[in-house]
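Student: dropping the sequence and predicted coords here.
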Amino acid sequence: MLVLVLVLAGFCVGELAADEVTPGRAKASPAAAMMLAVVVVMATVRTRAWPRSLAAIFERAPEVLSFMGPRIGDVVHPFRWETSEPPMKLARQTARYCAPMSEERHDNVRVQRHGEIAEVVLDRPEAMNALDTATLRALDVIFTNLAGDSSVLVVVLTSAGERAFCAGADLKERAAMTDAEIMAQRPVFRSAFGALLDLPQPAIAAVHGYALGGGCELALSCDVIVADGTAVFGLPETSVGLVPGCGGTQLAARRIGPGRAAELIFTGRRIDAPLADAIGLVDLLFMVGNARDHALELAGKIAANSPVAVRAAKRALRNGAGLGLPAALEVEDAAWRTAAGSADRREGVAAFAEKRQPAWPSVTPDG
């Protein structure tokens, strides 16, 4: 059985795209995706623990499987937490993860599609992914377009380079600006961050390295913050004569409480990943180098649920925050009614009763 699985896996390797595959960015042809789905089915029919075993082999014996590990291991890895799932569900998720990945390039930003997941990559590592005017305009366009794309179920915000998620506003660009130009840039910042906040889909930030100023505010603008051990957060604007102006004062207070937010903003100090996790600034903390992979795993789990219900739940969470309990419960009731009256609810209940995976009517054919 193992020999047959490895033979089929070898075929998948041959079918993978010729471009170099980096961790978590596997690309495959539809034939490879289907064949890899068969591999997972065969493995899980025998025992649902096999995907975990295969992942361990690829991770711990690269000298033996060096020609397969970087490719197959990256595809098997995301499903270690799914090893209790039925084989066919694993197959479907595997095929979706391996779907041909498209990429759009904008100024200092890339958008990569992993099936129903859109990964927005800050791609200015030489400047620690600092936010200049061109990057902000690109983010505005990207988030606005994603908001209107019903085939995108989850958005994951990541970054290129090892040093920083985002170091905030580009102070070198700003140093060359006049007061009038700085004021003219202000709507560009607000529009880009507003587009992120207005996403109807869940947004996940995968943070490594420095997330300072506007970089911290980008993370705060997402629904879930995933970080690794290298992450450093801070809102240091007061140290350069400014105030956090892209949601920092409001979003930090809502996330970690007004007292802790005030201390961080007034002092401008930086905090490391363990402390950020302890005070609730970070939702999920992982080992160094794993933030992106775990963020994509989380996105896959979210994307498996009803898009109608997930979006309604996001509206309830976002719009109910800060309201009194009676008013907040009305917001929740509106979200419940939206989901309860949908075809997704009828399909979800039917699938549960029939002991099968739901096929959500709200998912578009190209999603």
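Tutor: Looks like it arrived, so ask away. All of these numbers come straight from a predicted model, not from anything done at the bench.

Student: quick one: the helices in the stretch 101-250 of the chain?
Tutor: Under the criterion DSSP state H, counting those that start in this stretch, the stretch 101-250 of the chain contains helices at 133-147, 171-175, 179-197, 214-220, 248-256.

Student: export the fourth one as CSV, just CAs?
Tutor: Right, the one you point to is helix 214-220. Extracted as CSV, the C-alpha positions of helix 214-220 are listed here (Å, rounded to 0.1, in the frame of the first residue of the first chain):
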residue,chain,number,x,y,z
GLY,A,214,0.7,51.3,10.2
GLY,A,215,1.9,47.7,10.1
CYS,A,216,0.4,47.0,13.5
GLU,A,217,-2.7,48.8,12.4
LEU,A,218,-2.9,46.6,9.3
ALA,A,219,-2.9,43.5,11.6
LEU,A,220,-5.4,45.2,14.0
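
Student: starting at the chain centroid, how far to that helix?
Tutor: Relative to the chain's own centre, helix 214-220 is displaced by 14 Å; criterion: CA atoms, centre = their mean, to the nearest Å.

Student: any buried residues in that helix, and which?
Tutor: Neighbour-count burial for helix 214-220, counted by 16 or more other CB atoms under 10 Å, picks out 214-220. Just so you know, the C-beta spots here come from the backbone N, C-alpha and C atoms, and that holds for glycine as well.

Student: go through those residues and name the one nearest Ala334.
Tutor: Nearest to Ala334 out of these is Leu220 (CB to CB; 25.4 Å).

Student: I'd say that closest one and Gly248 touch.
Tutor: Yes. In this structure, Leu220 is within contact of Gly248 by CB atoms under 8 Å, at 6.7 Å.

Student: circling back to that earlier point, closest to Ala164 out of the helices of the stretch 101-250 of the chain?
Tutor: Of all these, helix 214-220 sits nearest to Ala164, with 7.0 Å by CB to CB.

Student: for that closest one, packing partners?
Tutor: strand 164-166, helix 179-197, strand 203-207, strand 232-234, helix 248-256 (3 or more CB pairs under 8 Å, 6 or more residues apart in numbering; DSSP states H and E).

Student: picking up where we left off before, pick the most buried one from the helices of the stretch 101-250 of the chain.
Tutor: Highest mean neighbour count among the helices of the stretch 101-250 of the chain (mean count of other CB atoms under 10 Å): helix 214-220, with a mean of 29.

Student: run a quick neighbour tally on Val121.
Tutor: Close neighbours of Val121, defined as other CB atoms under 10 Å, add up to 19.

Student: now do the same for it: its pLDDT.
Tutor: At Val121, the model reports a pLDDT of 97.

Student: distance to Gly148 and mean pLDDT added to the helices and strands packed on helix 214-220, as TSV?
Tutor: Converted to TSV, those look like this (distance: least, CB to CB, whole Å; pLDDT from 0 to 100):
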stretch	distance to Gly148	mean pLDDT
strand 164-166	24	98
helix 179-197	11	96
strand 203-207	15	98
strand 232-234	31	98
helix 248-256	24	96
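
Student: can you list these in TSV and add distance to Leu157?
Tutor: Formatted as TSV, the helices and strands packed on helix 214-220 follow (distance: least, CB to CB, whole Å):
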stretch	distance to Leu157
strand 164-166	9
helix 179-197	8
strand 203-207	5
strand 232-234	15
helix 248-256	14
